[in-house]
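Trainee: quick one, what's the 3D model for this:
(2 chains)
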Amino acid sequence: MKTGKKTQKHVPLVIILVLASAFYSCQKVINVDLNSSSPRLVIDAAVSDQPGPYTITLSQTVNFSEDNTFPPVTGAKIVIRDNAGTIDSLTEIHPGIYMTSVIQGAPGRTYTLTVNVSGSVYSAVSTMPPPVNIDTLTLKNSFNGSRKIITISFHDPGGIDNYYRVVEKVTNLYPVDGKIILPTLGSVHTDRLSDGAEIYYSPGGNQPDLVMGDTAQVFLQCIDKNVYNFFRTAQQNGSTSTTLSNPVSNITNGALGYFSAYSVRSKTIVVR
Amino acid sequence: MLPLLCSSACILFLQPACTAQVQTKFSINGHVKDKGTGEALIGATVTIAELSGTGVVTNAYGFYSITIPQGNYTVRSQYTGYSTKTEKVILNQNVKLDFNLEEKVNQLPEVEVTNKRKDENVTSTSMGVQKLDMKEINNLPVLFGERDVLKTMQLLPGIQPVGEGSSGFYVRGGSSDQNLILLDEATVFNASHLLGFFSVFNSDAIKDVTVYKGNEPAEYGGRLSSVIDIKMNDGNDKRYSVSGGIGLIDSRVNVEGPIVKDKGSFSVSGRRTYADLFLPLSRDSLIRSSKLYFYDINAKASYRFGDNNRIFISGYFGKDVLHIRNFGLNWGNAAGTLRWNHLFSQRLFSNTTLIYSNYSYNVAIDVNNSLNVASKIQDYSLKQDFQYFATPDNKLKFGFSSTYYLVVPGALTSSTSSINLSNKHNWENAVYISDEMKIAKNLRTEFGLRLTAFSVLGPGNFYSYDAEGNTLDTATYSAGRFVKTYVNLEPRVEVTYLLPGNSSIKASYDRNVQNLHLITNSTTANPTSLWLPSSNNVGPEIADQVSAGYYKNFKDDMFECSAEIYYKSLQNQIDYKNGAQLNFNENVESQLLFGKGRAYGIEFYVKKNYGKLTGWISYTLSRAEQKFDGINQGKYYPATQDRTHDISVVGIYHLSPKWNFSATWVYYTGNAVTFPSGKYGVDGVVLNYYTERNGYRMPAYHRLDLSVTWIRKKTATKESSWTFSVYNAYARSNAYSISFEPDPNNPQQTQAIQTTLFKIVPSITYNFKF
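Mentor: Numbers count the residues shown, from 1 in each chain, chains lettered A, B, ... in the order given. The predicted structure follows:
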């Protein structure tokens, strides 16, 4: 027992050393030999309650080792209809980028997208929910202390299912570490557990942390259920979930991507 | 099925008729115990010297009964690591004969030529069974020096670790929720501490661990792949003793002693991690305010009333607390059993058990408004087991159990609202019968039959879904109403044929049924994974396993080796739809897919039982596949737990009574995983493009652990030792996970990032006993 007591004095130091070395999980970039895949159509399409025109992008998947330059899909015939009888045939303004001319997004209307790429037809339907105003934007310290994260608050309309997508656009005046802030898909939220309540929501991990001097514009999109499911599953896209799969698309015929009819409100905050 | 039932019935009823014709028989029965502590010895042999080949093995309570013709006999009892004891018996009436065996102390496990039944592995009818020697466990190197029965078990053939940072394991290609873990007969629903770095079993409190790899006897049921039967120490009924250990991250203490000498005993073990006690010293305010610890307590008491009655009460309570800033997660198991051993006659042993088990977790998030989610699974059980020792060559077991399950999938309370997912109520009843007998000199069999009825009870709403997962219909049932009952018959047969030269061949067929399914959203089971009982939408999982093996011992049982092959066919396996929403979802059953599975493999095992160097080598070559409509075009694909190769090498070198060295080396094929085969852009963000599930492999895993034990002192009552160990001695960077992320230095590229948990972890532990 004597020996036991003597060493116990040193135990705290040893523990700290061991924990520091042991719980330090290390990460490194490795080479993984991934299969190649045949290209698949990707549709990135949205209509909002803001004045048009709206653009739609058609592209293709690439192999993992290639650059993030996605080949445009040109010469497609794209039509968007609403349930008020408007029909809009889009014009290709750049390779793979198509623009509307007459259609105007309005909450409550249902929009149908039809894309015809050399005889293959892909379609999607989305209904635009009514907009919800942002009440406040507040800043909080982030988990690691030195940076800031935004909390958005808004009042959820009671009695109906609401789905939200929150996107931040940050103007970074003083870039930290010279690091490029990569765009994110934002984060999505449902009122499943807070119907009719004032919702305080911190997009957190899915958004860049802010530093002094940043200006952030926060967009609160009201989206429909299928679009919510697309973005919810897109968030798990690179994680270690058991159901690693492509985000659940609302487009038929096996196309990747989504078609969203959404209403949006925004607010701006400067980090001081 | 019918022939099976008949054969069992015949044995039960014809036996007395047969014996009546021959000479008068009497029974010898009693308990085999450790002389020093009074602890019952499980699996000790009792043999009759005059009747070669006649012997029995003590049951889980150290009880034996042997019925032989009138006469004068020499009765011998032996148990590994203990001195053999013989008694002369004049058998002209029933005799009560207890053996108190003396543990060999301060002695090397040298070659000793005795008539020991070390050939149990060859001669018994059981196959696919592994027993862990608790003394062996103490010598093996482990992470942070924390001895762990579940981790050591994973060094045996056919039992494979889920991976680092997880207590989970796969048995013969089954998923990790297909293992039934019993602690003194109570189900342990989540066996992990500290998110899986440790198991909930404090090895100080544990007496015996038996693993059945799907070939469990009929008294067990409820999981497809395995039963891990863990028994706690009864406690010393001779004298008080304190033992314990001081380790780097936790300390343990065990106190045991007599309640009334030779009649009753108690044992209490506790441990707690203390790494968190130093967190307040940190400069970082986040670490300072964090909490991360676990503790557990094992307690057991037993008391003997006369010769024929004994009561046991045992309990386990453990809790983990994790708190980082405004996120908190607590989880833990609580289990208790009350058992009554009763001897109805010289040959009929009975055990009645009342069981309670509870697993619960609680998540608290306090960001803007506080949110609390609580969930639990509970069971209350009554179990009656009988063992009838008909003749030395025929042992009959039968009984029943009745269990009520309550699952609270989630109760959410926040400052603004409170929402409860529907609670689930289930009632499971089972009856079983099994008969172990020697048909001919070289032929032994065990037939078993288990009948289970699993009922889904009200109150609650029961939904039906279309293929897309939309709710078609909702039926409301009131309390106690039966919604659905699944009845299943589970036959189990094992045959052993003894060959000359200390060898045997065995074959078995087993069916197992599982009505509780673990639903988990991540690759490793986490504390918040949900147990989902069978329901109107989810049917019982069923596994049929056939296996065969060859067993041979060499050099007076110094070496034992075996080869077992198995093929398993699985029905009603559960997987998830792409993009499934499993968290806090009332309609979680709509997110599931049901399919088939198959697993097959061959396991080789060579063990050296005694000598200066002991240890074993195990190698498993196997495959585990599954098939679901809607995944990979409905074709068979590798399950996550598919491991082509799995090797474990364990060596313990007893240099002297003071010094022990040990080493373990493991190698296994990486898990089947889903990696992207391409990428695409949406909204300026790069997403991974997946073409198939589980189409890739993690890198192979291998690791060497070393340990040295210095025994300062060891006498019959006092012990002290130091253990130094190194985990992952050659600092292999094993992949815990691989993720695919944008390259921060080049937005045009995406890179693969491998996370490694432990490079090299040294540790030191001081163990004592007085």
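Trainee: ok, B:Thr273 touching B:Phe197?
Mentor: No - taking C-beta atoms under 8 Å as the definition, B:Thr273 is not a contact partner of B:Phe197, at 9.9 Å. For glycine as for every other residue, the C-beta is placed from the backbone atoms N, C-alpha and C.
Trainee: ok, then the element right after the strand or helix carrying A:Cys222?
Mentor: Secondary structure here is read from DSSP states H and E; on that basis A:Cys222 sits in strand A:215-223. Next in sequence after strand A:215-223, counting helices and strands by DSSP H and E, comes helix A:225-235.
Trainee: buried residues in that next one?
Mentor: A:Asn226, A:Val227, A:Tyr228, A:Asn229, A:Phe230, A:Phe231, A:Arg232, A:Thr233, A:Ala234, A:Gln235 (16 or more other C-beta atoms under 10 Å in any protein chain shown).
Trainee: which one of the residues you listed is nearest chain B?
Mentor: Minimum separation from chain B among the buried residues of helix A:225-235 (C-beta to the nearest C-beta) is found for A:Thr233, which lies at 3.7 Å.
Trainee: hmm, A:Pro247 and the closest one touching each other?
Mentor: Yes - A:Thr233 is in contact with A:Pro247 according to C-beta under 8 Å; the separation is 4.3 Å.
Trainee: give me the common contacts of those two.
Mentor: Counting by C-beta atoms under 8 Å, 6 or more residues apart in numbering or on different chains, the residues touching both A:Thr233 and A:Pro247 are B:Gly579.
Trainee: how about the nearest residue to the residue nearest the centre of chain B, chain neighbours excluded?
Mentor: In chain B, the C-alpha closest to the average C-alpha coordinate belongs to B:Ile228, at a distance of 2.2 Å (C-alpha atoms, centre = their mean). Leaving out its chain neighbours, the residue that sits closest to B:Ile228 by C-beta to C-beta, 6 or more residues apart in numbering or on different chains is B:Ile181, at 4.7 Å.
Trainee: so where is the stretch 1-150 of chain A shaky, pLDDT-wise?
Mentor: Flagging of the stretch 1-150 of chain A using pLDDT under 70 yields the residue ranges A:1-25, A:142-146.
Trainee: all helices in it, in order from the N-terminus.
Mentor: Taking DSSP state H, counting those that start in this stretch to define them, one finds helices in the stretch 1-150 of chain A at A:2-8, A:11-22.
Trainee: chain B too?
Mentor: Along chain B, the stretches classed as helices by DSSP state H are B:2-21, B:120-123, B:134-138, B:149-153, B:285-288.
Trainee: model confidence over the first one, on average?
Mentor: It stands for helix B:2-21. For helix B:2-21, mean pLDDT is 42.
Trainee: B:Ile647 touches B:Tyr667, doesn't it?
Mentor: Yes - with contact defined as C-beta under 8 Å, B:Ile647 and B:Tyr667 form a contacting pair (4.5 Å).
Trainee: out of these two, which sits in the busier spot?
Mentor: Neighbours per residue, other C-beta atoms under 10 Å in any protein chain shown: of B:Ile647 and B:Tyr667, the larger number sits with B:Ile647, 18 against 15.
Trainee: identify the residues contacting B:Ile505.
Mentor: B:Thr496, B:Tyr497, B:Leu499, B:Ala548, B:Gly549, B:Tyr550, B:Tyr551.
Trainee: could you redo the last one with a cut-off of 6 Å?
Mentor: Contacts were defined as C-beta atoms under 6 Å, 6 or more residues apart in numbering or on different chains; by that measure B:Ile505 touches B:Tyr497, B:Tyr550.
Trainee: now swap in the one 4 residues further on and tell me
Mentor: For B:Tyr509, the residues meeting the contact criterion (C-beta under 6 Å, 6+ apart) are B:Val493, B:Val546.
Trainee: bridge partners for it, pull those for me.
Mentor: In this structure, B:Tyr509 bridges to B:Val493, B:Val546 when assessed by DSSP bridges.
Trainee: pull up the gap between it and B:Leu655, please.
Mentor: 46 Å (C-beta to C-beta, to the nearest Å).
Trainee: check B:Asn333 too.
Mentor: Shown here: B:Asn333 relative to B:Leu655, a distance of 40 Å by C-beta to C-beta.
Trainee: okay, those two: which has more neighbours?
Mentor: More neighbours sit around B:Asn333 than around the other of B:Asn333 and B:Leu655, counting by other C-beta under 10 Å; the figures are 26 against 12.
Trainee: neighbours of the closest residue in space to A:Glu92 that isn't next to it in sequence, just the number please.
Mentor: Beyond its immediate neighbours in the sequence, the residue positioned closest to A:Glu92 (C-beta to C-beta, 6+ apart) is A:Tyr98, lying 5.2 Å away. Applying the criterion other C-beta under 10 Å, we find 24 residues in the vicinity of A:Tyr98.
Trainee: thought the residue nearest to B:Ile228 was touching B:Asn190?
Mentor: No - between B:Ile181 and B:Asn190 no contact is recorded; they are 9.1 Å apart, counting by C-beta atoms under 6 Å.
Trainee: quick one: which of those two has more around it?
Mentor: When neighbours are counted by other C-beta under 10 Å, B:Ile181 and B:Asn190 differ, and B:Asn190 comes out ahead with 26 against 23.
Trainee: contacting residues around that one?
Mentor: Taking C-beta under 6 Å, 6+ apart as the definition, contacts of B:Asn190 comprise B:Tyr359.
Trainee: ramachandran angles for it?
Mentor: Backbone torsions for B:Asn190, taken as degrees, to the nearest 10, come to phi -140, psi 110.
Trainee: quick check: domain ranges of the chain?
Mentor: As the question left the chain open, I've gone with chain A. Here the domain parsing of chain A from automatic domain parsing is A:41-127, A:134-248+A:263-270.
Trainee: please go with chain B instead
Mentor: Taking automatic domain parsing as the reference, chain B has its domains at B:2-107, B:129-212, B:226-769.
Trainee: how much space between B:His158 and B:Thr664?
Mentor: To be clear, residue B:158 is Gly; His isn't right here. With distances taken as C-beta to C-beta, B:Gly158 is found 17 Å from B:Thr664.
Trainee: who's more crowded, those two?
Mentor: Using other C-beta under 10 Å as the criterion, B:Gly158 and B:Thr664 rank with B:Gly158 on top: 26 against 22.
Trainee: let me know the pLDDT of the more buried one.
Mentor: Predicted confidence (pLDDT) for B:Gly158: 92.
Trainee: tell me which parts of the stretch 551-700 of chain B are close to chain A?
Mentor: By C-beta under 6 Å from any C-beta of the partner chain, the part of the stretch 551-700 of chain B that sits against chain A consists of B:576, B:578-580, B:674-691.
Trainee: could the domains of chain B be laid out in CSV, adding distance to A:Gln27?
Mentor: Listed next are these as CSV, based on distance: least, C-beta to C-beta, whole Å:
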stretch, distance to A:Gln27
domain B:2-107, 46
domain B:129-212, 15
domain B:226-769, 5
